[in-house]
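K.L.:
Could you look at this predicted model? Sequence included:
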Amino acid sequence: MDPTLSLNGDPNIGVYARVFEDLAVVPVEAPKEFRDKIAEALDVEVIETFIQGSSVIGLLLTGNSRGFVVSGLIQDSELSFLQEYGDVLLLGEEMNAAGNVILTNDSFAVVHPDMSSAMREMVADFLKVKIIPMSFAGVGTVGMTCACTNAGVLLPARSSPEEIEKLEHSIDNAEISIGTGSVNMGSGLIGTGLLINSKGYLAGNATTGYELGRIEDVFGFL
């Protein structure tokens, strides 16, 4: 299977969808071909919704096996729908674009360095993870700048050696691979162009062969 995908010609698939281990959340208007390819490549159930009435699901939603973290501006009907699939934590107005400011797996969450200590504690308690406030390549929106699973973390190619070393020290788990790369012909906003879990991945359709190789190397798909 071709490991690339677009949404109506847009390679920034991570902006519009969020993938977990057994579930993918996509916009209501997503074409059947888009939904079917995600289901097959990542071995997930695909559900459709809006968040805040918007299709930018990836920007507004994140989480791990313990539940979803989502914008506190979510509509009641959208919240009720998500709660059918798991527990939900609502972020306040301070930083409500959860998928933009949080990068998480089942053991840690890297968060925007300006996130308040109260919000950090709330996220840590809900997801049962260690909190790591950081930026990469000088960018604090870590949820869209990077991508991670329980096996690996892909950082933008312009991440500094100091940033990489700090993350390695903070995670302190040699089994989690950390590497750098890009998507969509050099974009450092990796999360905008990558949908990934432990079972597979899909990258934006502008992603090069070399970039796909870096993804497969870091996350152990080779």
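P.N.:
Great, that's in hand.

K.L.:
C-alpha only now, for contacts and for neighbours.
P.N.:
Noted.

K.L.:
Just the local confidence number for M1, please.
P.N.:
Taken from the predicted model, the pLDDT recorded for M1 is 84.

K.L.:
which ones are touching it?
P.N.:
Applying C-alpha atoms under 8 Å, 6 or more residues apart in numbering, we find M1 in contact with A41.

K.L.:
again with G200
P.N.:
Contacts of G200 by C-alpha under 8 Å, 6+ apart are A41, L42, D43, F221.

K.L.:
Could you rerun that using 7 Å?
P.N.:
Residues in contact with G200 (C-alpha atoms under 7 Å, 6 or more residues apart in numbering) are A41, L42.

K.L.:
try the one 4 residues further on
P.N.:
Shown here is G204, whose contacts under the criterion C-alpha under 7 Å, 6+ apart are T4, L5, S6, P11, N12, I13, N184, G193, L194.

K.L.:
Distance check, the closest residue to T208 other than its chain neighbours against G9.
P.N.:
Leaving aside its chain neighbours, T208 sits nearest to M185 (5.9 Å; criterion: C-alpha to C-alpha, 6 or more residues apart in numbering). From M185 across to G9, the span is 15 Å (C-alpha to C-alpha, to the nearest Å).

K.L.:
Comparing those two, which shows the higher neighbour count?
P.N.:
M185 (14 against 11; other C-alpha atoms under 10 Å).

K.L.:
wait, the more buried one sits on Y210?
P.N.:
No - using C-alpha atoms under 7 Å, M185 is not in contact with Y210, being 9.4 Å away.

K.L.:
For this structure, which segments count as helices?
P.N.:
Ranges of helices in the chain, per DSSP state H, are 13-16, 32-42, 57-60, 76-83, 98-101, 117-127, 142-145, 161-171, 209-219.
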